[in-house]
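[1] Give me coordinates for this.
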Amino acid sequence: MITDLNQPWGNSETCTSCGKCVQVCPTGTLFEKGKLATDIAKNPRFLTYIRTAREQKLWIK
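    Just a heads-up that it's a prediction; the model follows:
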């Protein structure tokens with residue numbers, strides 16, 4: 001994953017802690033701080049939601 005134009009991991013100034021990256025991580029490598037990867041309930045429809053929202057440019061002002 002590349003954040004903020006290839007800045008070092010953890011130095012993102014634009015991260016909103018929304019959890020999208022955690023939900024779509026296919027390997028479980030990303031998880032919420034303070035939680036185990038096995039404790040995170042994945043929503044299989046979330047990836048479809050993100051893809052549709054991006055195609056419809058719902059997040060672009």
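[2] count of neighbours near the closest residue to Cys25 other than its chain neighbours?
    Leaving aside its chain neighbours, Cys25 sits nearest to Phe31 (7.8 Å; criterion: Cβ to Cβ, 6 or more residues apart in numbering). Just so you know, the C-beta spots here come from the backbone N, C-alpha and C atoms, and that holds for glycine as well. Burial measure for Phe31: 16 neighbouring residues, criterion other Cβ atoms under 10 Å.
[3] Surely Phe31 touches Ala41?
    No - assessed by Cβ atoms under 8 Å, Phe31 is found out of contact with Ala41, at 11.6 Å.
[4] Now for these two: what residues contact both?
    Applying Cβ atoms under 8 Å, 6 or more residues apart in numbering, one finds that no residue jointly contacts Phe31 and Ala41.
[5] Can you tell me the element the residue nearest to Cys25 falls in?
    If you go by DSSP states H and E, Phe31 is not part of any helix or strand.
[6] Tell me the pLDDT of it.
    Predicted confidence (pLDDT) for Phe31: 78.
[7] contacting residues around the longest helix along the chain?
    Of all the elements of type helix in the chain, the one with the most residues (DSSP state H) is helix 46-55. With Cβ under 8 Å, 6+ apart as the contact definition, helix 46-55 has outside contacts at Lys20, Gln23, Val24, Trp59.
[8] Quick check, central residue of this protein?
    Centroid check for the chain by Cα atoms, centre = their mean gives Cys21 as the closest residue, at 1.4 Å.
[9] Low-confidence stretches in this protein?
    In the predicted model, the chain carries pLDDT under 70 at residues 1-3, 9, 37, 60-61.
[10] what about 80?
    Applying pLDDT under 80 to the chain flags residues 1-15, 17, 26-28, 31-33, 35-44, 47, 59-61.
[11] ranges for the helices of the protein?
    Using DSSP H, helices in the chain cover 20-24, 46-55.
[12] got TSV for these, with distance to Pro8 too?
    Below are the helices of the chain laid out as TSV (distance: least, Cβ to Cβ, whole Å):
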stretch	distance to Pro8
helix 20-24	16
helix 46-55	25
